[in-house]
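Trainee: Here you go, sequence then predicted model.
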Amino acid sequence: MHREILHCIGVTDQATATILNWYGGGMAFEQRDMSGSLFKNKKREKDTHPNATGTCMVAGVEYEVAAWTKPDKNGNPWQSLSFKPKSREVISRTGIRHSPSREPGDDDDAPPF
């Protein structure tokens, strides 16, 4: 929509792209396959909350990543990681199973129809 408005008032394509990039309407960060990022968890309140959270992409599937810093038997820090697909859509497309939260009334013994 912003692009159309800028064109209506006569702004060139190159200037439009520059303006949209300045104001966040241009190119966004694109996650590359087989890579990820972790950031310090500023909302951490308990030891059970991860020290860092982020995202990664593996084989074209985006995951949420959580990391906990723990000491080994000698007191040296190491990282424990958890991965969760970002959407149920991805789960069904890839066949990767992730335990979704159960809804009240769910019955595993009931027929699937």
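Mentor: Nice, thanks for sending it over. Residues are numbered from 1 along each chain as shown.

Trainee: Assumed residue 84 was part of a helix.
Mentor: No. Using DSSP: H, G, I helix; E, B strand; the rest coil, the assignment for residue 84 is strand, not a helix.

Trainee: burial measure for the nearest residue to it once chain neighbours are set aside, as a count.
Mentor: Take residue 84 and drop its neighbours on the chain: the residue closest to it by CB to CB, 6 or more residues apart in numbering is residue 64, 4.8 Å away. C-beta here means a position set from N, CA and C on the backbone, and glycine is covered the same way. For residue 64, the count of nearby residues is 15 (other CB atoms under 10 Å).

Trainee: again, but for residue 37
Mentor: Residue 37 has 12 nearby residues by other CB under 10 Å.

Trainee: quick check, it in a strand?
Mentor: Yes. Residue 37: assigned to a strand according to three-state DSSP.

Trainee: need the contact list for the nearest residue in space to it that is not next to it in sequence.
Mentor: Excluding its sequence neighbours, the residue lying closest to residue 37 (CB to CB, 6+ apart) is residue 54, at 4.6 Å. Residue 54 is in contact with 36, 37, 38, 39, 64, 65, 67, counting by CB atoms under 8 Å, 6 or more residues apart in numbering.
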